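# fold the following, please.
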Amino acid sequence: MSEIRPPWEPEPVAHPDTHPAIPSARAGDEHVADVEPLRLTPLLPRRQAPWLIVEVDGSPAGHGALVWALREAARREATVVAVHVLDDPGGDPLQGSGRVRLRAHLAAYDRLEAHVLRAIAETGVQGRSRTAVLERPVFEALAAATQGADLVVVGPHGKALLRHAVPRPLTRRLARGA
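Prediction:
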């Protein structure tokens, strides 16, 4: 009499060496199949961690915004990008000396780092900040995207459109079985 098994259990194989779907690898075989490991691509989280961009201009309001962003980054597990925006010299972009612009860029970066260190000392939030010095047109493009303008980021690996998320409809949560 045969044994009754659930349908999800496979049928027992009396001799695995003779099963057609399973290649055998006995000690005396000359043609043992090499098994290569299966390389899987790492799974990315559904959502990337958020980024908070803060313009730091040296004012008390800018410092307050940086302190708030660091605390919020600790709460959300986000990264703060503290940004100092360099104003356009106006006129011809080839007009000014490269060394003068480089010195202004480095001085702005040093001031920005000092502001970030002060905010880190005040909040105690470490490891969640980065700094960058941007030109005015780049910052204006980012700011325009926050006001509803489409921002298309084009790179060597493709392009992406940054647009506002559609707000979720306000619905009441109902208890199960209600």
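
# contacts and neighbour counts: CA atoms only from here.
Noted.

# what's the local residue count around Leu117?
15 (other C-alpha atoms under 10 Å).

# in the chain, which spans are strands?
Counting by DSSP state E, one finds strands in the chain at the ranges 51-55, 79-86, 129-135, 151-155, 158-162.

# mean neighbour count, those strands: which tops it?
strand 79-86 (a mean of 22; mean count of other C-alpha atoms under 10 Å).

# that strand pairs with which strands, and in what direction?
strand 51-55 (parallel), strand 129-135 (parallel) (DSSP bridges).

# and these as CSV, adding distance to Pro156?
Below are those laid out as CSV (distance: least, C-alpha to C-alpha, whole Å):
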stretch, distance to Pro156
strand 51-55, 22
strand 129-135, 21
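
# got a markdown table for these, with distance to Gln147 and mean pLDDT too?
Shown next, in a markdown table, are the strands paired with strand 79-86 (distance: least, C-alpha to C-alpha, whole Å; pLDDT from 0 to 100):
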| stretch | distance to Gln147 | mean pLDDT |
| --- | --- | --- |
| strand 51-55 | 15 | 92 |
| strand 129-135 | 19 | 92 |
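
# show me what the helix ranked longest in the chain is packed up against.
In terms of residue count, the longest helix belonging to the chain (DSSP state H) is helix 98-123. Contact here means 3 or more C-alpha pairs under 8 Å, 6 or more residues apart in numbering; DSSP states H and E; on that basis helix 98-123 packs against helix 60-76, strand 79-86, strand 129-135.
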